[in-house]
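Colleague: Could you look at this predicted model? Sequence included:
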Amino acid sequence: MMKTFLVTGGAGFIGSAVVRELIGNSEHRVVNIDKLTYAGNLESLTSVESNERYYFVQADIGDAKAMQGVFEKFQPDVVMHLAAESHVDRSIDGPAEFIQTNVVGTTVLLEAARLYWQQLKDSDPQKAEGFRFHHISTDEVYGDLEESGALFTETTPYAPSSPYSASKASSDHLVRAWYRTYGLPSLITNCSNNYGPYHFPEKLIPLMILNALAGKPLPVYGDGMQVRDWLYVEDHARALIKVATQGQTGETYNIGGHNEKTNLEVVETLCDLLDDRVGTSHLSSDSHRDLITFVADRPGHDVRYAIDASKLERELGWVPAETFETGLAKTVDWYLANREWWQRVQDGSYRGERLGVLT
């Protein structure tokens with residue numbers, strides 16, 4: 001049965017993957033709400049923008065009146081809340097914006113969803129029974145894993161290290177509070193580091209690819225031994241939709257790629273792929289590895305994250321389709337084949353186009 005999915009932050013990296021997956025591989029209707037800050041890029045959605053099941057609304061989740069209007073107009077069955085400020089370095093430089101979007105914005109959205117759901121219980125009890133609010137979060141809320149071999153589980157205590165992760169931890173707690181206090185049918189997912197097509201170039205993997213192609217230094221924090229679990233974004237999108245449609249309300253599900261790598265390993269693997277794909281004629285050396293440059297570590301940098309995603313596999317049958325090697329190769333090939341997309345991000349021209357905006 002066709003449902004209406006309300007996706008916040010649907011022009012962002014993970015959000016756009018969710019929108020593309022829903023439009024491309026289901027019959028559901030998708031309403032994409034995005035404020036279109038620097039990280040929101042409608043050019044990541046050109047493949048779906050003309051689809052009759054896709055709608056775009058430019059709005060701020062912190063605008064209560066706008067959110068109320070969206071719920072009234074589109075009558076969603078499922079809310080997938082991805083809108084967030086998400087770059088740790090930016091949160092260190094300017095934490096207030098992260099609190100405003102991730103904490104205040106989530107509160108406004110929760111209240112809009114709660115009022116809508118309560119009205120549904122009177123007007124359409126069956127629709128109210130099936131309503132779900134899915135909050136998408138991060139493994140960074142758990143802080144740092146000091147023990148080798150230890151994994152984050154759904155019951156790991158929160159210990160955020162950065163203003164970004166603290167703001168996401170706050171929003172997780174708010175969602176749980178709205179479930180416990182008001183009964184709002186909600187779910188939470190906490191994911192490991194994502195990578196893949198349409199990733200904004202400030203993040204590690206696309207930054208390294210584009211710097212390497214330009215022959216620029218590849219800056220690696222500290223000694224590069226920080227460990228992350230890497231999850232291909234399209235695998236993540238499929239997992240999110242499975243949780244949103246089949247997960248148990250009130251539950252949390254961790255989503256990971258089973259791919260623990262140090263940052264240095266990631267960069268070196270990218271260098272080797274680029275040596276093979278594009279050669280080194282644009283360099284003054286025989287390998288892109290020679291561009292690696294170690295820089296001062298950032299404040300409060302967590303050493304290791306690793307996700308135990310066994311609950312998701314056990315209860316909902318999800319496992320990632322991509323290994324780190326296959327996913328990273330696909331990512332490099334995508335950036336090589338889609339130079340116009342990332343060049344328009346680099347020169348800022350992507351921000352001049354606002355296609356498909358509903359007024």
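Modeller: Yep, that arrived.

Colleague: Can you give the strand pairings for the host helix or strand of residue 7, parallel or anti for each?
Modeller: Per DSSP states H and E, residue 7 falls inside strand 4-8. Strand pairing for strand 4-8, determined by DSSP bridges: strand 29-34 (parallel), strand 78-81 (parallel).

Colleague: Please enumerate the helices of the stretch 1-150 of the chain.
Modeller: 13-25, 64-74, 88-93, 95-98, 106-123, 125-130 (DSSP state H, counting those that start in this stretch).

Colleague: Of these, flag the one that's most buried.
Modeller: Mean neighbour count, computed with mean count of other Cβ atoms under 10 Å, is highest for helix 13-25 among these, reaching a mean of 23. The way it works is simple: take the backbone N, C-alpha and C, and place the C-beta from them, glycine included.

Colleague: which residues are contacting that helix?
Modeller: Outside helix 13-25, the residues that touch it by Cβ atoms under 8 Å, 6 or more residues apart in numbering are 5, 7-10, 28, 30, 32, 34, 39, 41, 44-45, 47-48, 51, 53-54, 80, 82-83, 136, 194, 196-200, 203, 233-234, 236-238, 240-241.

Colleague: Buried subset of the residues you listed as a PyMOL selection?
Modeller: With 16 or more other Cβ atoms under 10 Å as the burial test, the buried ones among the contacts of helix 13-25 are selected in PyMOL as follows:
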select buried, resi 5+7+8+9+10+28+30+32+34+39+41+44+45+48+53+54+80+82+83+136+194+196+197+198+199+200+203+233+234+236+237+238+240+241
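
Colleague: Need the helices of the stretch 1-150 of the chain in CSV (columns: distance to residue 169).
Modeller: Output for those, formatted as CSV (distance: least, Cβ to Cβ, whole Å):
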stretch, distance to residue 169
helix 13-25, 18
helix 64-74, 22
helix 88-93, 12
helix 95-98, 11
helix 106-123, 11
helix 125-130, 29
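
Colleague: can I assume residue 229 sits in a strand?
Modeller: Yes - looking at residue 229 with DSSP: H, G, I helix; E, B strand; the rest coil, it is inside a strand.

Colleague: And the strands paired with strand 4-8: which comes nearest residue 270?
Modeller: strand 29-34 (28.8 Å; Cβ to Cβ).

Colleague: how about that closest one as PDB, C-alpha atoms only?
Modeller: What follows is strand 29-34, C-alpha atoms only, in PDB (Å, rounded to 0.1, in the frame of the first residue of the first chain):
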ATOM      1  CA  ARG A  29       5.000   9.200  -2.100                       C
ATOM      2  CA  VAL A  30       7.900  11.300  -0.800                       C
ATOM      3  CA  VAL A  31       7.800  14.800   0.600                       C
ATOM      4  CA  ASN A  32      11.300  16.200   1.000                       C
ATOM      5  CA  ILE A  33      11.700  19.100   3.400                       C
ATOM      6  CA  ASP A  34      15.000  20.900   3.300                       C
END
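
Colleague: What lies in contact with it?
Modeller: The list of residues contacting strand 29-34 from outside it, by Cβ under 8 Å, 6+ apart, reads 2-12, 15, 19, 22-23, 40, 45, 48, 53-59, 61, 70, 74, 76, 83.
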